[in-house]
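A.B. asks: coordinates only, sequence not included:
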């Protein structure tokens, strides 16, 4: 009975992931996964000793309430930090299971040590990711933290031998060291690399589940954990590919922030434009490509952008397309969700390979809140962090409109030569406000 | 016994590999939060261990583990549903 239920549950999960291959079926996929999980929860509770059942049920209910409230309060642009935090909680659960196993079971093996290590590391790493993504912590001195984390790594390896003896104090000490390690490890990683980090944490939370499965000899946990581990690993691969970064470099190279020293530009070097200029340029164009970056989401300009695209298409018969860089958001696929929230049709949205040949034929490109993903330095400046990252080739378009809050460098800490070109018009200010003014202008103009 | 578990691990790695490459990049965010929610299945490990729990400390630790795994499960599914609903609605208006 137990075994056939296990089979049913993992088949449901695999089908759920399979349904994610198309937007039409994806929602049903989520429901399949929920059904699978509900069966697992009920079965787990039934098999529990009766004296524990009530406590476990209360824990589940409390946790569920907290989870749903947390999710409700999250806006779509805050999504990455929410996902990071949830990943961390999964890791924490595994870590706690590992600790209790080492205390409960008299004979020990290194599997439990591994579970504690990975679980606690995933948890604290995710918490660090959460802080970084929500902008609560900013790190300047990355070198010190990196060297500290090496010391902590050594300490935790040494303490793992003591923890192996099964004494509670040592186990707790080892868990704390692992947690500290995860925190110090993730903290100095560059902000632009966050999509990679979230994918790694996602994968780690899966491997934690696999490890727990191995220690309990539970097939279901092994299968599901490995599925998730594979999923996270592939997403990590896709993201490193999209940024042309080596995973080891992301994890171990300190960020240097003095690269922008080559460029000593001031506001006088740029050509400032008004929303009216922008509206004029776009309504007279045949083809406009919109390039949104995370700055767009940060200013909450999605809806205005959607309105702008609609007016251009319907009133001025302009061919409007959206070009999205794979790392435009802060997690894989983030920008697609942000645009979907603003009711922008997926048919207008194109990935980097599809849109790049089109920049040549476009009349105007409207860049909002993106910087590193359009930075031509990626092609020329060898010592920059984004060297050889595939970029959206905005520089090929006849006129470039760039909406930006200020001339400050982007997330990767780089200046952008595009800002100072003759054909570029800079619209400095809040993305939402500027786009709104453009929309008003477009509404008033006659075509 | 151990080797048989490793077999399962490797084979499910392959299933995962092929299933994930099939997912459209458009849905990578929801994919991540669904898999995130599914990883909460580790709650079964906590429930199973609760049956062997010998001391109050481990019972409390496991109940805390159950709590966090549940936050993971319910939060993850709720977030995914929110995202996927937006894509689902879009499809209807286009038809």
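C.D. replies: All right, it came through fine. Every value quoted in this text rests on a predicted model; they were computed, and no experiment measured them.
A.B. asks: how about the helices of chain B, start to end?
C.D. replies: Applying DSSP state H to chain B gives helices spanning B:2-21, B:28-38, B:43-52, B:56-94.
A.B. asks: Any idea which of those gets closest to residue A:311?
C.D. replies: Counting by CB to CB, residue A:311 lies closest to helix B:56-94 out of the helices of chain B; the figure is 17.9 Å. For glycine as for every other residue, the C-beta is placed from the backbone atoms N, C-alpha and C.
A.B. asks: Is any residue of the closest one near chain A?
C.D. replies: Yes - judged by CB under 8 Å from any CB of the partner chain, helix B:56-94 comes into contact with chain A through B:57-59, B:61-88, B:90-91, B:93-94.
A.B. asks: List only those of these flagged as buried.
C.D. replies: Applying 16 or more other CB atoms under 10 Å in any protein chain shown to the residues of helix B:56-94 next to chain A, the neighbour count classes B:58-59, B:61-84, B:86-88, B:90-91 as buried.
A.B. asks: quick one on the thing from earlier: could you dump the helices of chain B to CSV with distance to residue A:384?
C.D. replies: CSV is the format used below for these (distance: least, CB to CB, whole Å):
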stretch, distance to residue A:384
helix B:2-21, 31
helix B:28-38, 26
helix B:43-52, 45
helix B:56-94, 33
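A.B. asks: In JSON lines, list these along with mean pLDDT.
C.D. replies: Below are those laid out as JSON lines (pLDDT from 0 to 100):
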{"stretch": "helix B:2-21", "mean pLDDT": "86"}
{"stretch": "helix B:28-38", "mean pLDDT": "92"}
{"stretch": "helix B:43-52", "mean pLDDT": "92"}
{"stretch": "helix B:56-94", "mean pLDDT": "87"}
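A.B. asks: ok, which stretches of the stretch 1-150 of chain A are helices?
C.D. replies: Assigned by DSSP state H, counting those that start in this stretch, the stretch 1-150 of chain A shows helices spanning A:2-19, A:23-46, A:50-73, A:79-104, A:110-133, A:142-163.
A.B. asks: A strand includes residue A:401, no?
C.D. replies: Yes - if the criterion is DSSP: H, G, I helix; E, B strand; the rest coil, then residue A:401 is within a strand.
A.B. asks: hang on, it packs against residue A:273?
C.D. replies: Yes - counting by CB atoms under 8 Å, residue A:401 touches residue A:273, with 7.0 Å between them.
A.B. asks: Give me the common contacts of those two.
C.D. replies: A:425, A:427 (CB atoms under 8 Å, 6 or more residues apart in numbering or on different chains).
A.B. asks: Dead centre of chain B: give me the residue that sits there.
C.D. replies: residue B:38 (1.3 Å; CA atoms, centre = their mean).
A.B. asks: Can you report how many residues neighbour residue 53?
C.D. replies: You didn't say which chain, so I picked chain A. A count of nearby residues for residue A:53, using other CB atoms under 10 Å in any protein chain shown, gives 15.
A.B. asks: please go with chain B instead
C.D. replies: For residue B:53, the neighbour count with other CB under 10 Å is 19.
A.B. asks: quick revisit: which residues touch the residue nearest to the centre of chain B?
C.D. replies: Residue B:38 neighbours (CB under 8 Å, 6+ apart): A:13, A:16, A:33, A:36-37, A:224, A:227-228, B:76.
A.B. asks: let's see it at 6 Å
C.D. replies: Residues counted as contacts of residue B:38 (CB atoms under 6 Å, 6 or more residues apart in numbering or on different chains) are A:13, A:33.
A.B. asks: What of residue A:8?
C.D. replies: By CB under 6 Å, 6+ apart, the contact set of residue A:8 is empty.
A.B. asks: Now do it against chain B, distance only.
C.D. replies: Applying CB to the nearest CB, to the nearest Å, the value for residue A:8 to chain B is 13 Å.
A.B. asks: For the stretch 51-200 of chain A, which residues are neighbours of chain B?
C.D. replies: Residues of the stretch 51-200 of chain A found near chain B (CB under 6 Å from any CB of the partner chain) are A:52, A:55-56, A:59-60, A:62-64, A:66-68, A:70-71, A:83, A:86-87, A:89-90, A:92-94, A:96-97, A:99-100, A:103-104.
A.B. asks: For whichever residue of the stretch 251-400 of chain A sits closest to chain B, give me its contacts.
C.D. replies: Closest residue of the stretch 251-400 of chain A to chain B, CB to the nearest CB: residue A:333 (3.1 Å). Each residue near residue A:333 by CB under 6 Å, 6+ apart is listed here: B:28-29.
A.B. asks: And residue B:37, by the same measure?
C.D. replies: Going by CB under 6 Å, 6+ apart, residue B:37 touches B:73, B:76-77.
A.B. asks: which parts of stretch A:381-391 are buried?
C.D. replies: For stretch A:381-391, burial by neighbour count (16+ other CB under 10 Å) applies to A:381, A:384-386, A:389-391.
A.B. asks: Okay, and which of the residues you listed map to helices?
C.D. replies: Per DSSP H, the buried residues of stretch A:381-391 never map to helices.
A.B. asks: For the most centrally placed residue in chain A, give me phi and psi.
C.D. replies: Centroid-nearest residue in chain A, with CA atoms, centre = their mean: residue A:331, separated by 1.8 Å. Residue A:331 has phi and psi values of phi -150, psi 160 when expressed as degrees, to the nearest 10.
A.B. asks: was I right about it contacting residue A:196?
C.D. replies: No - contact status for residue A:331 versus residue A:196: not in contact, 9.8 Å apart, counting by CB atoms under 6 Å.
A.B. asks: rewinding a little: got a PyMOL select line for the buried ones in the residues of the stretch 51-200 of chain A next to chain B?
C.D. replies: A single PyMOL command selects the buried members of these (16+ other CB under 10 Å):
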select buried, chain A and resi 52+55+56+59+60+63+64+66+67+68+70+71+83+86+87+89+90+92+93+94+96+97+99+100+103+104
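A.B. asks: Spit out the contact partners of residue A:295.
C.D. replies: Residue A:295 is in contact with residue A:369, counting by CB under 6 Å, 6+ apart.
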